[in-house]
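Undergrad: okay, predicted coordinates and the sequence, questions at the end:
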Amino acid sequence: MTIENVLLISGALFAIGAYGVVSRRSLITVIMSLELMFNGVVIAAVAFSRFTPSAALLSGDPLTAEAIRSALTGHVFAIFVTAVAAGEAALAFALVFAMYRATESVEITDASEMKN
Amino acid sequence: MMVMMEVSTLTTIAFWAASAMTLGFAAIVVTQRDVFRAAIALAGSFLGVGILYFVLSAEFVGVVQILVYVGAISVLMAFAVMFIQDIASGSRPTQGRLVAGAVAVLIFAALAFTAYNTQWSSMDEITDPVAVAALTEGFVEVGIGDDIVIESPGFVDDEQVVIENGGAFTDSTASIGVLLVREYMLAFEIIGLLLVASLIGGLLLMRDPRTTDEPEKGSASV
């Protein structure tokens, strides 16, 4: 398990998600694929946190607890992305429901009538 | 040394198993026509990612992943699928499927090329022995007042190293908590605001437009 391998998995998940976003017609599946892309990005953040040192640890200055904690910045980033993804999922489904109520369809090709 | 080898092998096996689980279920999500099955596969993929976080020794992120993604977002997806009636027609692919596949392969190729052709800085570049001790697994940490004492058995012959100003790495959950309320305080508050905004926005969009704010005359309901 090296950083290259983890980034490879992260990139594969992102690419699969990107394929799903473009190739699926149902909005629900598109949102699912978006969540997969989010996960790919977060894996990369955690991988960098795990395998690469933060600048504060390489600077050579006297070590502080703050510098040690900076090794966890990637984890904090992961938590923020997760929070944003959760909010996004809730809002996206509300939009899908609103569209379903208006057009009786959740297909992306029918979404061109959202003007009113 | 023998034990270390075994642990490392186990980690490798767990990593590849979790990766296979993640990518396999993700492939089902984007190819499955039945939306409900796609939602179940999505939960499996999220679970694989959670295992991956544990393998990467990010326990707290792993727990958050399982709670938020597997526990909440997957359920939300399943509810959405059940609420929307004409789901029987399934999730048909668009005409741009081949183009989408080509673009996805290109994205993956670019990311993989970057991953393998970049000279990533390594943890080995850290020379400060205290930092090495703090980041190496399997050391003992004792906190006395504001100072932190790190005792590392296999490191500088039982010598204790004292870091002033408190706080250390081993307990990643506690350190993430400190980071959230110190360095990232503002972002933390803003994310709370964002969640409230998305909650209110979701409620507003979900509201049935036929129900008015004023109750109809003669209706007893409040």
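TA: Perfect, I can see it now.
Undergrad: which non-adjacent residue is nearest residue B:27?
TA: Nearest non-adjacent residue to residue B:27, counting by C-beta to C-beta, 6 or more residues apart in numbering or on different chains: residue A:16, 6.1 Å away. Glycine gets a C-beta too; all of them are placed from N, C-alpha and C.
Undergrad: didn't residue A:22 look like it was pressed against residue B:99?
TA: Yes: taking contacts as C-beta atoms under 8 Å, residue A:22 lies within contact range of residue B:99: 7.5 Å.
Undergrad: those two: which has the busier surroundings?
TA: residue A:22 (19 against 12; other C-beta atoms under 10 Å in any protein chain shown).
Undergrad: skip the chain neighbours and tell me the closest residue to that one.
TA: residue B:100 is the one closest to residue A:22 (C-beta to C-beta, 6+ apart), at 3.7 Å.
Undergrad: what residues are up against residue A:25?
TA: The contact partners of residue A:25, by C-beta atoms under 8 Å, 6 or more residues apart in numbering or on different chains, come to A:107-109, B:91-94.
Undergrad: top of those residues by neighbour count?
TA: Busiest of these [other C-beta under 10 Å] is residue B:91, holding 26 neighbours.
Undergrad: three-state assignment of that one?
TA: coil (DSSP: H, G, I helix; E, B strand; the rest coil).
Undergrad: show me what the longest helix seen in chain A is packed against.
TA: Taking DSSP state H as the criterion, chain A has its longest helix at helix A:73-103. Counting contacts by 3 or more C-beta pairs under 8 Å, 6 or more residues apart in numbering or on different chains; DSSP states H and E, helix A:73-103 packs against helix A:27-51, helix B:59-64, helix B:74-83, helix B:172-181, helix B:185-206.
Undergrad: how about the fourth one and chain A, any contact?
TA: Think helix B:172-181. Yes: residues of helix B:172-181 contacting chain A under C-beta under 8 Å from any C-beta of the partner chain: B:172, B:175-176, B:178-180.
Undergrad: just the buried residues out of the residues you listed, in PyMOL syntax.
TA: The buried residues among the residues of helix B:172-181 next to chain A can be selected in PyMOL (16 or more other C-beta atoms under 10 Å in any protein chain shown) with this line:
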select buried, chain B and resi 172+175+176+178+179+180
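Undergrad: let's have the helices and strands packed on helix A:73-103 in CSV, adding mean pLDDT and distance to residue B:104.
TA: Output for the helices and strands packed on helix A:73-103, formatted as CSV (pLDDT from 0 to 100; distance: least, C-beta to C-beta, whole Å):
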stretch, mean pLDDT, distance to residue B:104
helix A:27-51, 92, 10
helix B:59-64, 92, 26
helix B:74-83, 86, 21
helix B:172-181, 81, 33
helix B:185-206, 92, 28
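Undergrad: on that earlier part again, give me the buried positions along the longest helix of chain A.
TA: Buried, per 16+ other C-beta under 10 Å, within helix A:73-103: A:73-83, A:85-100.
Undergrad: show me how far that helix is from its chain's centre.
TA: 10 Å (C-alpha atoms, centre = their mean, to the nearest Å).
Undergrad: nearest residue to the middle of chain A?
TA: For chain A, the residue nearest the mean C-alpha position is residue A:38 (1.4 Å; C-alpha atoms, centre = their mean).
Undergrad: name the nearest of the residues of helix B:172-181 next to chain A relative to residue B:122.
TA: Distances from residue B:122 to those, taken as C-beta to C-beta, are shortest for residue B:172 (20.0 Å).
Undergrad: give the contact list for the closest one.
TA: Per C-beta under 8 Å, 6+ apart, neighbours of residue B:172: A:72, A:75, B:57-60.
Undergrad: repeat that with 7 Å
TA: A:72, A:75, B:59-60 (C-beta atoms under 7 Å, 6 or more residues apart in numbering or on different chains).
Undergrad: likewise for residue B:95?
TA: Taking C-beta under 7 Å, 6+ apart, one finds nothing in contact with residue B:95.
Undergrad: before we move on, the earlier item: only whichever of the contacts of residue B:172 are buried, select them in PyMOL.
TA: In PyMOL syntax, the buried subset of these is picked out as below (16+ other C-beta under 10 Å):
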select buried, (chain A and resi 72+75) or (chain B and resi 60)
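Undergrad: in CSV: the contacts of residue B:172, plus distance to residue B:30.
TA: Formatted as CSV, those follow (distance: C-beta to C-beta, whole Å):
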residue, distance to residue B:30
A:72, 32
A:75, 28
B:59, 29
B:60, 29
